[in-house]
Structures are given as structure tokens and as C-alpha cells.
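Visitor: After the sequence you'll find the predicted model.
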Amino acid sequence: MKKIIFIMVAFCMFITICFAQIPTNGLFAYYPFSGNANDMSGNNYNGTLHGPVLTTDRFGNLNSAYSFDGINDYIDLNNYVSSFNIQQPVTVSLWIKTNTDTPQAIYSLSGTSTQGYSDCIWVGGDISSTLTNELIDATHNTSVSDYYIAGYISANRALVINNNWHHIVYEFNNVSTVIYLDNNLLILSCNYGTNNGHYGNIPSATLNLLGVRYFNGYGCYVNGALDDIRFYNRELSPTEITALFQEVPCAASVPHVNGVSICGGGVTTLTASNGINYIWYNSSGIQIASGQTYTTPFLMSSTTYYVTNFDGTCESLRDTVIVTINPLPVVSINLTSNFININANTISLTGNPSGGSFSGNGVTGNSFNPTSAGLGTSIVSYFYTDGNGCSRTINNSVIVYDTTGTICTDTIYISVTDTLIIDVLLSVNPPYNINTIKIYPNPTHDVVFINTGNYSNMINYSIKIENNIGQIVYQTFTNQQLFQINVNDFGGYGIYFVKIINDTGNVITTRKIVLL
């Protein structure tokens with residue numbers, strides 16, 4: 001099915017698509033349905049699905065064709081109607097599989113008026129009510145004087161209506177309409193208007209549809225499967241039509257790429273193997289890169305990518321890779337007090353979750369000895385790794401003091417901390433249009449908390465923290481009320497900038513926090 005040649009132009013990384021033994025000259029839209037309804041001609045006339053589901057193609061490849069239910073399934077190309085509404089020779093090549101002998105509109109180009117201006121290609125019985133035993137049909141209507149219906153008449157309905165894949169080519173060459181069925185040129189009848197081979201030039205065209213036609217409403221839905229739909233802006237030769245009919249499945253090896261897990265979010269590089277030239281796609285099936293490796297943007301949630309292999313002849317089936325973002329563990333230290341007399345007994349340390357390890361001045365195992373630590377401030381650290389391999393360290397300060405009053409060996413500076421209060425104006429109705437976010441403590445030396453208040457009104461808002469050179473050290477969506485952020489992961493002391501970003505991606509406020 002999918003014989004796609006990608007020619008790599010190194011100096012601009014531009015990828016042009018062509019086909020081994022498949023005509024490419026004049027190809028302006030191509031829908032291989034390899035997992036999506038994207039146009040693979042290079043013009044990006046991508047279709048929007050309205051119900052069709054992926055199915056097996058004529059070569060037995062899974063998820064490589066689309067099945068239509070005959071009730072309300074179709075694909076719209078309405079965003080590109082002007083690119084299809086051209087007055088010149090046009091060829092449409094496609095594969096269809098159906099077992100229903102009713103009028104089925106494979107493709108239509110039309111307006112929404114009641115005048116019925118349209119181009120349409122069909123299969124099935126009684127398509128136009130003007131021919132008898134119609135099996136395959138093409139209609140063109142731009143005015144009363146420019147209106148024709150040309151079709152192939154046959155009582156042998158099994159030529160198409162037999163639940164097998166069939167290749168149909170419609171050519172509009174400005175002289176007459178020509179139709180091929182399974183590489184055979186058909187003799188057409190025209191009992192309405194003059195078969196002048198016109199296509200396009202539809203007045204006020206607004207609808208460009210696959211699997212349905214529009215005439216005072218949607219109707220004549222395809223009941224079956226479609227695949228490999230190609231549009232050319234020229235007439236194809238019989239040799240080229242034969243090449244389309246004899247197209248063979250791609251034998252390129254399927255590449256492999258290992259999944260990646262990231263703790264807390266970040267950037268990663270994916271590396272593919274078992275191929276020659278690699279093409280990368282995002283989760284929507286849009287091509288995003290080429291080459292053996294692909295470096296992702298900063299990811300905050302698990303994301304799916306696809307990669308294919310082009311072997312010089314065709315593009316392989318795709319391999320799926322998931323970049324999994326695992327949350328950092330929430331870690332805390334349980335201390336009976338942060339102020340301990342130097343003569344006090346050894347204090348037991350506990351961490352949450354359990355199973356981590358303690359370190360720091362005066363720490364031995366799970367105990368803190370104030371005598372060993374000495375007077376002044378000591379930092380007790382707790383390091384924990386969860387089942388996903390994600391680690392986090394939290395630091396707590398412990399002040400050891402002496403009550404004898406005979407010797408002053410240390411001066412302790414206790415800074416006054418503050419809470420940043422941010423009132424965020426939301427795009428919802430009062431009184432819920434203002435949400436208060438609290439960030440505390442500030443300054444801090446180990447952990448900072450962000451309370452997002454009524455976060456349910458901040459869908460798709462996010463929080464980003466940057467250092468003083470603009471590097472992102474933390475980023476998350478506002479999808480919970482309280483975030484505990486270990487600032488020891490930031491990489492150093494200094495001033496950091498907390499930015500609140502709204503649902504349109506704009507920074508609506510920036511505040512400073514100080515890491516001491």
C-alpha cells in the first residue's frame with residue numbers, strides 16, 4: 001500500500017515525497033490512511049475525521065485504511081476547498097471495498113446552496129436516476145448549461161459490490177470523463193448533459209468531502225472502506241494507471257525505538273534503529289523531524305511519538321514510542337523540633353515515604369546527635385527513590401543551642417519569611433473570576449510551597465520557574481491545589497522567577513523567590 005519515497009535535501013532538511021514507479025508529477029493530495037487522514041503529498045491538506053475508523057488495508061496491514069459506516073461517517077477537507085476547486089484536467093485514483101449496492105458518494109466538491117453546484121464521484125445503484133444499472137458514476141454541475149452525468153452501466157454488480165478491494169480511476173481531461181476499473185478502461189454512457197470532462201470551477205464552493213456528498217444536507221454516505229486516495233492536476237497515461245493498480249506493499253523494515261521515562265519532566269533524545277532513513281511524527285501523525293535521533297521539547301506529561309523507516313523505495317509501518325513523565329516523589333522529614341539543646345539525647349529521624357536515607361552533620365543512620373553536630377545550624381538531608389526510579393532530596397535545618405550561658409560560640413540569624421500572594425484574574429464569570437495563589441516561604445533554603453487555591457477554575461494554566469538566565473528549572477500544570485517543590489534541585493542559591501501562564505500560553509504575572 002504505502003510506497004512513499006522521501007528525498008532528503010540536506011541543506012534545508014526539506015522532505016519531498018515521491019513514489020517508486022508511482023506517478024508523482026501533478027500529485028497535489030495523497031491520503032494513504034496510514035494511521036490517520038493526513039495528506040502525504042507535501043501540501044498538508046490533512047483531513048478531519050467525522051466517524052470513520054481505521055481498518056485493515058488490501059495488503060493485510062492493520063490500521064492502514066478507513067472504514068465508513070454508511071450512516072454518518074465522512075472526512076472533511078473543507079479548509080482546502082480552494083486548492084481542490086481547480087478548472088483543469090484532474091485525475092482521482094482510489095481503492096474501495098463495499099458490499100452495499102446503494103448510491104455512495106466517494107468524493108464531492110460543492111457549495112451549501114440549493115442549486116446543487118457540485119462535482120461528485122460515486123459507486124452503487126441508481127446514483128442519478130438518469131441511467132439504468134449505474135455501477136460507477138461521475139457528475140459535474142456548475143450551471144444548467146454545464147451539467148452532465150457520465151457513468152458505467154452494468155447488471156454485473158459484483159464487479160465492484162462484492163466486499164473486495166477494487167481500484168477506480170476517474171479522469172476529467174476537459175474533453176470527456178474517463179473511468180478505469182481495476183486497470184480496465186470502461187465505456188461510459190451519458191444521458192444527461194454533455195460529457196465535457198470538466199471538473200471544479202464550482203460557484204461558491206465551501207465543502208470538500210470524502211465519503212459523502214452535500215445537497216440540502218449530507219447524504220449518500222460510503223458504506224465500506226476507502227484507501228490510497230490520490231489527486232492529480234493532470235491526466236494520467238494508461239501506463240501510469242497500471243502502475244497505480246499494480247502497486248505492491250512496502251517491504252521496508254519497521255524501525256525500533258526504546259521508550260523513555262523522565263522524572264518530573266524535561267527534555268530527552270529518542271534514538272531509532274533497524275532502519276536507513278528515519279521519519280518522526282508527533283501524536284497527531286504530523287511529520288516533525290527526520291534522522292536517527294529526535295530531541296523532544298520540554299515535556300510535562302507523557303507523550304507519544306511515531307517513527308518510520310524509508311529504505312530508498314518506500315516508507316515502512318511505524319513504531320510507537322512513549323515518553324513517560326513520572327512525578328517526583330513528595331518527600332518530608334519528621335522532626336520533633338528544629339531547635340535542639342546541645343545536651344539533649346540523640347533524636348530519631350523518620351522520613352516520608354519510608355525507605356530513604358539520611359545524611360548531614362551529626363547524622364548517623366536514622367539518628368541526629370546534637371553533641372556531634374555542635375552549636376549552630378546543621379542541615380539534615382533525606383534522600384528517597386520511588387519505584388519508578390525517581391529520586392528527591394529534602395533538607396531541613398536544625399539549630400543546636402546552648403543554655404548554659406557561659407560561652408557564645410555561634411550567632412544564629414533567623415530571617416523573617418513571607419508569603420507571596422497573587423490574585424489571578426480568570427476568564428470566568430464573577431465571583432469566581434479571581435483566584436488567589438500563595439507561594440511560601442520566601443526566602444527559602446530547601447522547599448517552597450505553591451497553593452493554587454481554587455485551581456479547578458484554572459484549566460490549562462501552568463506554573464513555570466526560571467533562574468536568572470532564563471533556564472526553566474520547574475514547570476507544571478495547575479492541576480492540584482498544593483505543590484511542594486524541592487528548591488535544592490534548582491542548582492544553586494540566588495533569585496528565581498515564578499511565572500503564572502494562562503490557558504492561551506501568555507505570562508500573566510511574574511514574582512521572585514529567593515533561595516538562600
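Guide: That came through, no problem.

Visitor: drop to CA atoms for contacts and neighbour counts, all remaining ones
Guide: Noted.

Visitor: any weak-confidence spans in the stretch 1-150 of the chain?
Guide: For the stretch 1-150 of the chain, the stretches flagged by pLDDT under 70 are 1-21, 113-115, 126-129.

Visitor: Which parts of it are helices?
Guide: Along the stretch 1-150 of the chain, counting by DSSP state H, counting those that start in this stretch, helices occupy 81-84.

Visitor: residue ranges for the strands of it, please.
Guide: 5-9, 14-18, 27-31, 48-50, 53-55, 65-69, 74-76, 90-98, 104-110, 118-123, 134-143, 146-153 (DSSP state E, counting those that start in this stretch).

Visitor: As JSON lines, those with distance to Leu335 would be great.
Guide: Formatted as JSON lines, the strands of the stretch 1-150 of the chain follow (distance: least, C-alpha to C-alpha, whole Å):
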{"stretch": "strand 5-9", "distance to Leu335": "62"}
{"stretch": "strand 14-18", "distance to Leu335": "60"}
{"stretch": "strand 27-31", "distance to Leu335": "64"}
{"stretch": "strand 48-50", "distance to Leu335": "58"}
{"stretch": "strand 53-55", "distance to Leu335": "58"}
{"stretch": "strand 65-69", "distance to Leu335": "62"}
{"stretch": "strand 74-76", "distance to Leu335": "63"}
{"stretch": "strand 90-98", "distance to Leu335": "71"}
{"stretch": "strand 104-110", "distance to Leu335": "72"}
{"stretch": "strand 118-123", "distance to Leu335": "77"}
{"stretch": "strand 134-143", "distance to Leu335": "82"}
{"stretch": "strand 146-153", "distance to Leu335": "86"}
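
Visitor: and these as a markdown table, adding mean neighbour count and distance to Ile450?
Guide: What follows is the strands of the stretch 1-150 of the chain, written out as a markdown table (neighbours: other C-alpha atoms under 10 Å; distance: least, C-alpha to C-alpha, whole Å):
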| stretch | mean neighbour count | distance to Ile450 |
| --- | --- | --- |
| strand 5-9 | 16 | 48 |
| strand 14-18 | 16 | 44 |
| strand 27-31 | 22 | 48 |
| strand 48-50 | 15 | 40 |
| strand 53-55 | 19 | 44 |
| strand 65-69 | 24 | 47 |
| strand 74-76 | 23 | 45 |
| strand 90-98 | 23 | 57 |
| strand 104-110 | 26 | 54 |
| strand 118-123 | 26 | 59 |
| strand 134-143 | 25 | 63 |
| strand 146-153 | 22 | 68 |
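
Visitor: Ok, which of these comes nearest Gly351?
Guide: Relative to Gly351, the nearest member of these by C-alpha to C-alpha is strand 53-55, separated by 50.5 Å.

Visitor: Off-centre distance for that closest one?
Guide: The chain centroid and the centroid of strand 53-55 are separated by 18 Å under C-alpha atoms, centre = their mean, to the nearest Å.

Visitor: Parallel or antiparallel, list what pairs with it.
Guide: Here strand 53-55 is paired, per DSSP bridges, with strand 65-69 (antiparallel).

Visitor: Go through the strands of the stretch 1-150 of the chain and name the closest to Glu466.
Guide: Glu466 sits nearest to strand 14-18 of all those, at 34.0 Å, using C-alpha to C-alpha.

Visitor: For Tyr192, give the beta-bridge partners.
Guide: For Tyr192, the beta-bridge partners under DSSP bridges are Ile149.

Visitor: is it true that it touches Thr130?
Guide: Yes. Counting by C-alpha atoms under 8 Å, Tyr192 does reach Thr130; the two are 7.0 Å apart.

Visitor: what's the angle between the helix or strand where Leu244 lies and strand 90-98?
Guide: Leu244 is located in helix 238-245, with elements delineated by DSSP states H and E. Counting by axes from the mean of the first three to the mean of the last three C-alpha atoms, to 10 degrees, helix 238-245 lies at 30 degrees to strand 90-98.

Visitor: which parts of helix 238-245 are buried?
Guide: Burial within helix 238-245, assessed by neighbour count using 16 or more other C-alpha atoms under 10 Å, is assigned to 241-245.

Visitor: ok, now stretch 473-485?
Guide: Using 16+ other C-alpha under 10 Å as the test for burial, stretch 473-485 gives 473-479, 482-483, 485.

Visitor: which residues sit against that stretch?
Guide: With C-alpha atoms under 8 Å, 6 or more residues apart in numbering as the test, stretch 473-485 has contacts from 265, 300, 330, 447-456, 458-467, 489-490.

Visitor: In PyMOL, how would I select just the buried ones from those?
Guide: Buried subset of the contacts of stretch 473-485, written as a PyMOL selection, criterion 16+ other C-alpha under 10 Å:
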select buried, resi 265+300+330+447+448+449+450+451+452+453+455+458+461+462+463+464+465+466+467+490
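
Visitor: Show me the contacts of stretch 473-485 that map onto strands.
Guide: If you go by DSSP state E, the contacts of stretch 473-485 have 447-451, 462-466 in strands.

Visitor: what's around Ile288, how many residues?
Guide: Per other C-alpha atoms under 10 Å, the neighbour tally for Ile288 reads 12.

Visitor: and the gap between it and Pro238?
Guide: According to C-alpha to C-alpha, to the nearest Å, Ile288 stands 36 Å off from Pro238.

Visitor: same deal with Ser93?
Guide: Remark: distance between Ser93 and Pro238 (C-alpha to C-alpha) = 13 Å.

Visitor: where does this structure dip in pLDDT?
Guide: Filtered on pLDDT under 70, the chain yields the residue ranges 1-21, 113-115, 126-129, 313, 403-418, 427-432.

Visitor: try it again with 50
Guide: Scanning the chain for pLDDT under 50 picks out the ranges 1-20, 405-416.

Visitor: mind listing the strands in the stretch 351-500 of the chain by residue range?
Guide: Using DSSP E, counting those that start in this stretch, the strands of the stretch 351-500 of the chain run over residues 357-360, 363-364, 367-368, 376-385, 391-401, 418-425, 434-442, 447-451, 462-466, 472-477, 482-486, 494-501.

Visitor: want to throw those strands into TSV with distance to Thr139?
Guide: Output for these, formatted as TSV (distance: least, C-alpha to C-alpha, whole Å):
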stretch	distance to Thr139
strand 357-360	77
strand 363-364	86
strand 367-368	87
strand 376-385	68
strand 391-401	66
strand 418-425	56
strand 434-442	58
strand 447-451	64
strand 462-466	53
strand 472-477	52
strand 482-486	63
strand 494-501	53
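
Visitor: Quick one: closest of the strands of the stretch 1-150 of the chain to Ser354.
Guide: Smallest distance to Ser354 across those (C-alpha to C-alpha): 47.5 Å, for strand 53-55.

Visitor: re earlier: just the buried residues of stretch 473-485 now: which is nearest Asn442?
Guide: For those, the minimum distance to Asn442 (C-alpha to C-alpha) is 12.7 Å, reached by Ile485.

Visitor: Relative to Arg157, which of the strands of the stretch 351-500 of the chain is closest?
Guide: Closest to Arg157 of the strands of the stretch 351-500 of the chain is strand 472-477 (C-alpha to C-alpha; 57.7 Å).

Visitor: Done for today, thanks.
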